[in-house]
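Colleague: could you work out the structure for the sequence below:
(2 chains)
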Amino acid sequence: MMEQKNYRAILYLLPALLFLAVFLVYPLADVFIYSFEEGFNFASQVYHGIGLHNYRYVLRDPYFIQALRNTLCLVAITVPLSTGFALLISVALSSLPTLQGLFRTIFFLPYVTNTLAVGMVFLVIFGRTPYSDGLMNALLSVVGLGPVDFIDGPYAAKMFVLCFYTIWVVLPFKILILTTALASVDKQLYNAARIDGTSRARIFWRITLPMISPMLFYLIITGFIGAFKAYSDAVAIFGTSLNNAGMNTLVGYVYDMLYGDSGGYPSYASAAAILLFLIILTITVINLLISKRLSYHTGGSVR
Amino acid sequence: MDVTFRHLTKRFPARRGSSAKEVIAVDDFDFTISDGELVGLLGPSGCGKSTALNLICGLLTPTEGEIFFGEENVTAIPVEKRGVGMVFQNYALYPHLTVYQNIIFPLQNLKGKDRLTREQMRAKAEEAARLVQIGALMDRHPSELSGGQQQRVAIARALVKLPRILLLDEPLSNLDARLRLQTREEIRRIQLETGITTIFVTHDQEEAMSISDRIVVMRDGRVQQIGAPQTIYDDPANLFVAQFLGTPPINVFHGTLQGRRLLMGGVPVLATDTDEIRQITVAIRPEGFIVDPSVPFSCSLQAVEVMGRDVSCVCTHPAMVNESGRMRAIIDAGTRPDAGVSDVHFRLKPEKVLLFDPDTGERLYAELSTLR
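Modeller: Numbering: from 1, shown residues only, chains lettered A, B, ... in the order given. All right, here's what the predicted structure looks like:
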């Protein structure tokens, strides 16, 4: 009986497993192999040696170091900020007495807007033309600051725009998830806590936060992964020559190594991709370990 | 701590765009609950008893009227500062905290001079846990407990801060029959032991009768009657109260007062002292019937249910108010009618027969006695 069930389960899973094998496992294995083959050439399909040369090259490449630094900076700034803002806005939204639906829709709009369209809008706000310094500089000049060249100026200004943009783009989804999580908390828990004289702040920290913690950790984990894989956001603002702008990301570096103006190095690209994979894997494992300790759903109540 | 209501009223306004009219959930409550009393708010669902409870604890603010705890007017005091303990119908235990953490949660809110040390909290929590007999479960999570255990935790959490008043919302409705019986005795014991004024809400009249010092019977937001369970059972103020209390329910007949006699289905059943001639509603408790072949009042027997010491006769009578015409008489097993008998003749116990106005349902008082 049990055996039969297992066969059936495997049968149902087979299509998905096949797809995963062909489009995920095989390429991953292939990339892994590429990354150790020195000087691989697509056209002739030959290489002249196996070893760690690719990794050594990539890790010494100043463009890779720059991309790594940019990506880490982006991750470190946007993940906590976007999650924090999303939490703040969601809590504010769910305590609204009226018009909740309207505001929820407004906050969700950026999510259904095309990345490049948002990029255009950001260029209007931050970009410089022969005729104006952009909306942001106009605002800054009111308080007597600027003008700052956000697109082609100092590193901090460029990083600010990229982070601003990334947070703006990922915020709606996080708000959606968190408002749903907040709405699913049993209202009687809040009533019980209030009757027991609990302050609003303590209700938030001791009841609301633990109750939505599984969703919060989900958002943090996917947020980390998403930020490490950032690429299109940078392109939308700074154009395709990210190396020149000094704003390349890890995924951008991999892409450039394959197809960019200086491309044609699948071995280096593979090595960089494997390095990115290892970084994301490590961070995700750490995240999962932390969430297992803090999130109440895995805290021993359910076995 | 006395609890006094002064013209307490809660109206929920009609919602715009819907056909629902304004609802008066609590209508002019005006009575006092004495210190240390266990009071049951009893009524069918939708009668406003939960609203009343929420007004007492402060989760709702009244439209009109005032609430006093002792001498203190608490009407405007927010829920956080009222100092009541409440056990919710679904218990509302914090699922991410252990039993111990749940119980000390209210204590951790105490600030300033009331602030407790860790040891004091543990002592108080252990005392509360001992009271409800859950001392061995302190490190479990609520999801690992049975319904009855969860409820005990909820009671311990409500009691641990020594509330001025303890409120229980349908405390037994989520428990199975056996546990219900056990828990209601438990609630009575805990209440007697702590002496805290306790108000609970229920739709189950048996539950209310069995443990309350006094019952407040409610219907459509209005108090129908307040009194000790036995008083309300024996001496209901109106037909609604008479029908709501008692299992099996009271039997209601059309009757006539005529010639100093009470007639049912055209035959005289009892003598009365009034000369009035009028239609009347007669309600007779199931235990108010005595088998007596010598009297003219007879019912057609449908079934006899054996209950041990007593038997329950299910009969029909054309003068019954309800459409099925079915009534129930509980009689001594020794007088049970033989099988195959189609008609049973009943004499009535005058003290178990209640008279009501057929239009308003209000109680009518007339001296009743056995016919000679």
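
Colleague: look up the closest residue to residue B:248, ignoring the ones flanking it.
Modeller: In space, residue B:248 comes closest to residue B:328 once its chain neighbours are excluded; the distance is 4.5 Å by Cβ to Cβ, 6 or more residues apart in numbering or on different chains. Heads up, the C-betas are built off the backbone N, CA and C, glycines and all.

Colleague: no wait, residue B:58
Modeller: Spatial nearest neighbour of residue B:58, excluding adjacent residues (Cβ to Cβ, 6+ apart): residue B:79 at 3.5 Å.

Colleague: so who does that neighbour touch?
Modeller: For residue B:79, the contact set (Cβ atoms under 8 Å, 6 or more residues apart in numbering or on different chains) comprises A:194, A:195, B:57, B:58, B:59.

Colleague: for the closest residue to chain A within the stretch 151-300 of chain B, give me its contacts.
Modeller: Using Cβ to the nearest Cβ, the closest approach of the stretch 151-300 of chain B to chain A is made by residue B:161 at 7.0 Å. Going by Cβ under 8 Å, 6+ apart, residue B:161 touches A:196, A:197, B:83, B:85, B:106, B:107, B:110.

Colleague: could you list which of these belong to strands?
Modeller: Judged by DSSP state E, the contacts of residue B:161 include residue B:85 as members of strands.

Colleague: and the contacts of residue B:161, which are buried?
Modeller: The neighbour count (16 or more other Cβ atoms under 10 Å in any protein chain shown) marks A:196, A:197, B:83, B:85, B:106, B:107 as buried among the contacts of residue B:161.

Colleague: how far away is the residue nearest to residue B:58 from residue A:197?
Modeller: Counting by Cβ to Cβ, to the nearest Å, the separation of residue B:79 from residue A:197 is 9 Å.

Colleague: and residue B:215, by the same measure?
Modeller: 30 Å.

Colleague: need the residues of the stretch 101-250 of chain A near chain B, please.
Modeller: Applying Cβ under 8 Å from any Cβ of the partner chain, we find that the stretch 101-250 of chain A lies next to chain B at A:186, A:188-189, A:191-199, A:202, A:206-207, A:210-211, A:213.

Colleague: and the spatially closest residue to residue B:358 that is not a sequence neighbour, helix, strand or coil?
Modeller: In space, and not counting its chain neighbours, residue B:358 is closest to residue B:281: 4.7 Å by Cβ to Cβ, 6+ apart. Under DSSP: H, G, I helix; E, B strand; the rest coil, residue B:281 falls in the strand class.

Colleague: ok so, going back, can you confirm the residue of the stretch 151-300 of chain B closest to chain A is in a strand?
Modeller: No - using three-state DSSP, the assignment for residue B:161 is coil, not a strand.

Colleague: pLDDT at it, what is it?
Modeller: With respect to pLDDT, residue B:161 scores 87.

Colleague: and what of the one 10 residues further on?
Modeller: On the pLDDT scale, residue B:171 is placed at 85.

Colleague: tell me the buried residues in the longest helix anywhere in chain B?
Modeller: Secondary structure of chain B per DSSP state H: the longest helix is helix B:177-194. For helix B:177-194, burial by neighbour count (16+ other Cβ under 10 Å) applies to B:179, B:180, B:183, B:184, B:186, B:187, B:188, B:190, B:191, B:194.

Colleague: ok, the fourth one - contacts?
Modeller: Contact criterion Cβ under 8 Å, 6+ apart gives B:171, B:172, B:207, B:210, B:211 as the residues in contact with residue B:184.

Colleague: measure it to residue B:209 for me?
Modeller: Where residue B:209 is concerned, residue B:184 sits at a distance of 10 Å (Cβ to Cβ).

Colleague: that older thread, contacting residues around the residue nearest to residue B:358?
Modeller: By Cβ under 8 Å, 6+ apart, the neighbours of residue B:281 are B:239, B:252, B:253, B:254, B:255, B:321, B:355, B:356, B:357, B:358, B:361.

Colleague: check which helices and strands the longest helix anywhere in chain A is in contact with.
Modeller: In chain A, taking DSSP H as the definition, the longest helix is helix A:62-94. Counting contacts by 3 or more Cβ pairs under 8 Å, 6 or more residues apart in numbering or on different chains; DSSP states H and E, helix A:62-94 packs against helix A:100-108, helix A:155-183, helix A:209-228, helix A:250-259.

Colleague: among the ones you listed, which is the most enclosed?
Modeller: Among the helices and strands packed on helix A:62-94, the stretch with the highest mean neighbour count (mean count of other Cβ atoms under 10 Å in any protein chain shown) is helix A:250-259, at a mean of 22.

Colleague: so the helix or strand following that helix, near chain B or not?
Modeller: Moving toward the C-terminus from helix A:250-259, the next helix or strand (DSSP states H and E) is helix A:266-294. No - judged by Cβ under 8 Å from any Cβ, helix A:266-294 stays clear of chain B, getting no closer than 10.3 Å.

Colleague: and helix A:266-294, how far out from the chain's middle?
Modeller: Counting by Cα atoms, centre = their mean, to the nearest Å, helix A:266-294 is centred 13 Å from the centre of its parent chain.

Colleague: how close does the nearest residue to residue A:109 once chain neighbours are set aside sit to residue A:91?
Modeller: Nearest residue to residue A:109, sequence neighbours excluded (Cβ to Cβ, 6+ apart): residue A:172, at 7.1 Å. Separation of residue A:172 from residue A:91 (Cβ to Cβ): 16 Å.

Colleague: follow-up on the earlier one: quick one, grab the pLDDT at the residue nearest to residue B:358.
Modeller: 94.

Colleague: try residue B:17
Modeller: Looking at residue B:17, its pLDDT stands at 66.

Colleague: SS state for residue B:329?
Modeller: Secondary structure of residue B:329, reduced to three states by three-state DSSP: strand.

Colleague: now do the residue nearest to it when sequence neighbours are not counted against residue B:295, distance only.
Modeller: Once flanking residues are discounted, residue B:329 sits nearest to residue B:289: 3.7 Å by Cβ to Cβ, 6+ apart. Plainly put, residue B:289 is 11 Å away from residue B:295 if you go by Cβ to Cβ.

Colleague: between these two, what contacts are shared?
Modeller: With contacts taken as Cβ under 8 Å, 6+ apart, residue B:289 and residue B:295 have B:346, B:347 as neighbours in common.

Colleague: for stretch B:162-176, what is the distance to the chain centroid?
Modeller: On Cα atoms, centre = their mean, the centre of stretch B:162-176 falls 13 Å from that of its chain.

Colleague: and that stretch, what's buried?
Modeller: Buried-residue list, stretch B:162-176, by 16+ other Cβ under 10 Å: B:163, B:164, B:165, B:166, B:167, B:168, B:169, B:170, B:171, B:172, B:175.

Colleague: does the last one touch residue B:150 like I think?
Modeller: No - no contact is recorded between residue B:175 and residue B:150 when judged using Cβ atoms under 8 Å, the distance being 9.8 Å.
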